[in-house]
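Colleague: Generate coordinates for the sequence data below:
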Amino acid sequence: MESNTIKKRPPYVKKGQTRGPKLEDILADIAIIFKQPLDKIKSEDKHAELVLCRRIYCHVSRQITNAPFREIGELINKDHSNALYHNSLVEHWIKVCDPLFYDEWLEYKQNSKIWGIY
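Modeller: Numbering: from 1, shown residues only. Modelled structure (predicted):
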């Protein structure tokens, strides 16, 4: 892995400390933008739209709050390894500008009340 792709914790955020909005607020923001009910996003349902919401939630939560993957996953009823996988997959999609994902990512960034603040 290239050293410039590794995200370092900002110096003002101590290990184990989170910053920014609550994870619940990030998930609610994503649910509104993608017009998906929160209970469906948290369910075991594997429809593509719901999985995309979960993936974006895991990536945005990690980037904005620096919360541990365990906490990120708990909110969507997944374990830490699912949250880690979703985060790394979104990072890869952004890096290669995956055309199947990039439109949804831009839609989130343009319409998010949270992303632009932090």
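
Colleague: okay, CA-based contacts and neighbour counts for the rest of this
Modeller: Will do.

Colleague: contact partners of stretch 34-46?
Modeller: Stretch 34-46 is contacted from outside by 27, 28, 31, 50, 51, 53, 54, 75, 76, 77, 108, using CA atoms under 8 Å, 6 or more residues apart in numbering.

Colleague: are any of those buried, and which?
Modeller: Buried subset of the contacts of stretch 34-46 (neighbour count, 16 or more other CA atoms under 10 Å): 27, 31, 50, 51, 53, 54, 76, 108.

Colleague: Switch these over to CSV; also include distance to residue 116, pLDDT and secondary structure.
Modeller: Formatted as CSV, the buried ones among the contacts of stretch 34-46 follow (distance: CA to CA, whole Å; pLDDT from 0 to 100; DSSP: H, G, I helix; E, B strand; the rest coil):
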residue, distance to residue 116, pLDDT, secondary structure
27, 15, 95, helix
31, 17, 95, helix
50, 23, 95, helix
51, 23, 95, helix
53, 18, 95, helix
54, 19, 96, helix
76, 23, 96, coil
108, 10, 89, helix
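
Colleague: what two of these are the furthest from one another?
Modeller: Within those, two members stand farthest from each other by CA to CA: 76 and 108, at 18.4 Å.

Colleague: tell me which residues of stretch 71-80 are tucked away?
Modeller: For stretch 71-80, by 16+ other CA under 10 Å, it's 71, 72, 73, 76, 78, 80.

Colleague: In contact with the fourth one, which residues?
Modeller: In this case it means residue 76. Taking CA under 8 Å, 6+ apart, we find residue 76 in contact with 41, 42, 43, 54.

Colleague: phi, psi of it?
Modeller: Main-chain torsions, residue 76, degrees, to the nearest 10: phi -110, psi 20.
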